[in-house]
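Colleague: Sequence below, structure please.
(one chain, ligands or ions: 1)
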Amino acid sequence: MIFMICEMCGKDVTFLRKVTIEGVALEVCSECAKFGVEAKKEAPKEVGPKPIIAQRLEQREKRGRPRDVLEKGEKEDLVEDFGALIRTAREHAGMTQKELAMKINERVTILSKIESNQMRPDEKVISKLQRELGIVLKENVPDVVAAKESARASLTLADHIKMRKE
Ligand SMILES: [Zn+2]
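Modeller: Numbering: from 1, shown residues only. Next comes the predicted model:
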């Protein structure tokens with residue numbers, strides 16, 4: 001009688017079964033075969049395409065997500081009436097267009113176009129205007145702050161009520 005050794009438990013057996021245990025192909029005894037998946041010719045074919053489709057779906061999701069966020073961000077970032085906001089803030093500060101333009105190191109014609117909403121200021125100009133005029137030109141920023149503030153306020157209120165009861 002010919003004996004073979006089970007690759008899993010090392011037992012001498014007369015019959016070995018080809019199985020896959022945790023992704024490793026092994027020749028094992030019938031006892032150990034219970035822990036694995038019987039190796040079949042069809043198995044790789046079935047397993048193969050699924051991860052690829054899953055990967056592609058994942059990639060498509062990954063590609064789609066940041067772009068959606070970015071598009072959304074671009075639309076929502078700058079307030080719609082940024083021009084009026086800048087003009088009002090500038091007038092409040094008692095500055096002429098020329099004075100403000102000099103302070104932010106931009107041309108008066110550009111500032112004039114921005115103030116009349118004919119031109120969207122780029123990120124650099126937005127941050128300079130925000131700093132110089134003490135205004136917020138990004139719509140989502142005050143929203144987040146407002147949400148945080150109101151959350152804190154309600155918490156404080158709840159705390160006060162709780163405190164009074166106690
Ligand atoms: Zn075994």
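Colleague: what mean pLDDT would you report for stretch 108-120?
Modeller: Summarised as a single mean, pLDDT over stretch 108-120 is 96.
Colleague: For it, list every residue counted as buried.
Modeller: 110-112, 114-115, 119 (16 or more other CB atoms under 10 Å). Any C-beta I mention is one placed from the backbone N, CA and C, and that applies to glycine too.
Colleague: same deal with stretch 90-97?
Modeller: Buried, per 16+ other CB under 10 Å, within stretch 90-97: 90, 95, 97.
Colleague: So which residues on this protein come close to the ion?
Modeller: By CB under 5 Å from the ion, the residues of the chain that approach the ion are 6, 8-9, 11, 28-29, 32.
Colleague: Selecting buried members of these in PyMOL, what would you type?
Modeller: Selection command for PyMOL covering only the buried members of the residues of the chain next to the ion, criterion 16+ other CB under 10 Å:
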select buried, resi 6+8+28+29+32
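Colleague: and of the residues of the chain next to the ion, the nearest to K124?
Modeller: M8 (65.2 Å; CB to CB).
Colleague: Could you tell me the model confidence score at the closest one?
Modeller: M8 carries a pLDDT score of 90 in this model.
Colleague: Quick check: it touching S30?
Modeller: No. At 11.1 Å, M8 does not count as touching S30 under the criterion of CB atoms under 8 Å.
Colleague: Tell me where the chain has strands.
Modeller: For the chain, the strands defined by DSSP state E cover 4-5, 12-13, 17-21, 24-28, 37-38.
Colleague: could those strands be laid out in JSON lines, adding mean pLDDT?
Modeller: Formatted as JSON lines, these follow (pLDDT from 0 to 100):
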{"stretch": "strand 4-5", "mean pLDDT": "92"}
{"stretch": "strand 12-13", "mean pLDDT": "92"}
{"stretch": "strand 17-21", "mean pLDDT": "89"}
{"stretch": "strand 24-28", "mean pLDDT": "90"}
{"stretch": "strand 37-38", "mean pLDDT": "82"}
